[in-house]
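**Q** dropping a prediction and its sequence here:
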Amino acid sequence: MALSDLTRAWRPHPVKAPVSGMRRRRGLWERLHLDPWLLGMLLLLLGAGLVVMYSASGQRLEVVTAQGVRFGVALAVMAVIARISPATMMRWALPAYLLGVIMLVAVELVGDMGMGAQRWLVIPGVIRFQPSELMKLAMPLMVAAYLSRRELPPRLRDLAVCALIIGVPVVLIARQPDLGTSLLVAASAVFVVLLAGIAWRIIAVLAALAAAALPLLWMNMHDYQRRRVLTFLDPDSDPLGAGWNIIQSTTAIGSGGVLGKGWLEGTQSQLEFLPERHTDFIVAVLGEEFGLVGMIVFLVLYLLIVCRGLWLAAEAQETFGRLLAGSLILTFFLYVFVNVGMVSGILPVVGVPLPLVSYGGTSSVTLMAGFGILMAIHAHRRLLPR
């Protein structure tokens, strides 16, 4: 059985066209091209994230204000993108992809350094951003546009072209170095390929090749990346060095118990034992102050967002929209899974922020732009006669 069988199951029954002369009045949300349920859950997540951010930032109001401004920009970007038709997105897929690759090359040549990595482009006095974040959208957009023009399930030749499309940006991002983002960018495109209906036997072959390539990947990893993997296997081997982050994060989560210590009452976070507490390790602040109950509430909210996104993706009636929407929401789920797994000690530390909660501008805008694409695909779906 090929994944194309599962993909076809997403396709909803065509909706009967309205009778001629009878025009249904469009509601406010339809005119705005926004989904009220998804928007409401996103606003709830953003608001809760600001509450956690106030504590994680050491009660610095200016940090929360800056994050709130970024969220406002991200919501505006989402609303604008939601009005763009999928046909327009498909036409701009190649230019967006090429622009992203050019910016990644620019990062390699003249990128700004920060915390030992060269990941940013700076326009003096205007903006400082990570082009790798933009590839999280451009990559699935390009692969979906390419596969939607070809017969599905994809043939080996098409898979080879997809591998080339994926490989170039992933290698450039990994060289920054940013292994976590490079893997997530690759995953966003791989989800498109899987949803296109690739056969199980091909998946098995590719998985075997990936496993065989692990020693090569290990040899090409930086020393700090190897230490992260070894620390994941045995955090106590270097408790004051590479193992410090994961030991402190798991201690914070465990000390929160069921109900937590209370907002602003966390000891690991407020006494600054927990590093990167307002970015990658903000889940530890959440677990310490709000306990197991608070973490479950957040995870349920994330799950509801993913379920709503999958439903909107299933409503798409064109191949391009279905592939792109499915990939975007599955990638969002992967971000949450990797960050929570990383902070709780079940995955190696790879530097992936918690979506729409961790401090950051480019990542928030990129994620909300992805939800804008999802809403646009749903709003522009065609009503086909039975």
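**A** Alright, I've got the coordinates. Numbering: from 1, shown residues only.
**Q** now the most centrally placed residue in the chain: closest residue in space that isn't a chain neighbour?
**A** Within the chain, one residue has its C-alpha closest to the average C-alpha position: by C-alpha atoms, centre = their mean, that is F332, at 3.9 Å. In this structure, F332 finds its nearest non-sequential neighbour in P355, 6.2 Å apart by C-beta to C-beta, 6 or more residues apart in numbering. To be clear about C-beta, it is placed using only N, CA and C from the backbone, and glycine gets the same treatment.
**Q** make sure that neighbour is indeed in a strand.
**A** No - looking at P355 with DSSP: H, G, I helix; E, B strand; the rest coil, it is coil, so not inside a strand.
**Q** quick one: it and L334 touch, right?
**A** No - under the criterion of C-beta atoms under 8 Å, P355 makes no contact with L334, lying 9.8 Å away.
**Q** so between those two, which is more surrounded?
**A** P355 (24 against 17; other C-beta atoms under 10 Å).
**Q** how near is that one to A284?
**A** P355 sits 16 Å away from A284, going by C-beta to C-beta, to the nearest Å.
**Q** what helix or strand is Y224 on?
**A** helix 223-233 (DSSP states H and E).
**Q** next one: V77
**A** Per DSSP H and E: helix 61-81 holds V77.
**Q** can you name the element that comes right after that helix?
**A** Following helix 61-81 toward the C-terminus (DSSP H and E): helix 86-91.
**Q** what's that following helix packed up against?
**A** When contacts are defined as 3 or more C-beta pairs under 8 Å, 6 or more residues apart in numbering; DSSP states H and E, helix 86-91 packs onto helix 131-148, helix 319-344, helix 362-379.
**Q** what's the most buried one of these?
**A** Highest mean neighbour count of these: helix 131-148, a mean of 26 (counted as mean count of other C-beta atoms under 10 Å).
**Q** so for it, what's the average pLDDT?
**A** Across helix 131-148, pLDDT averages out at 92.
**Q** could you pull up the residues touching A379?
**A** Listed by C-beta atoms under 8 Å, 6 or more residues apart in numbering, the contact set of A379 reads 30, 33-35, 82.
**Q** so where's the stretch 51-200 of the chain shaky on pLDDT?
**A** Applying pLDDT under 70 to the stretch 51-200 of the chain picks out residues 114-116, 125.
**Q** run the last query once more with 80
**A** Scanning the stretch 51-200 of the chain with the threshold set as pLDDT under 80 gives 111-118, 120, 123-128, 177.
**Q** circling back: just the CA coordinates of the helix or strand following the helix holding Y224, formatted as CSV?
**A** Later in the chain than helix 223-233, the nearest helix or strand by DSSP H and E is helix 244-255. Once non-C-alpha atoms are left out, helix 244-255 reads as follows in CSV (Å, rounded to 0.1, in the frame of the first residue of the first chain):
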residue,chain,number,x,y,z
TRP,A,244,24.6,21.6,32.6
ASN,A,245,21.6,22.6,30.4
ILE,A,246,19.8,19.3,30.4
ILE,A,247,20.4,18.6,34.1
GLN,A,248,19.0,22.0,35.1
SER,A,249,16.0,21.8,32.7
THR,A,250,15.0,18.3,33.9
THR,A,251,15.5,19.4,37.6
ALA,A,252,13.3,22.4,37.0
ILE,A,253,10.5,20.3,35.4
GLY,A,254,10.7,17.7,38.1
SER,A,255,10.6,20.2,40.9
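**Q** and helix 244-255, what does it pack against?
**A** Going by 3+ C-beta pairs under 8 Å, 6+ apart, helix 244-255 lies up against helix 267-270, helix 282-315, helix 319-344.
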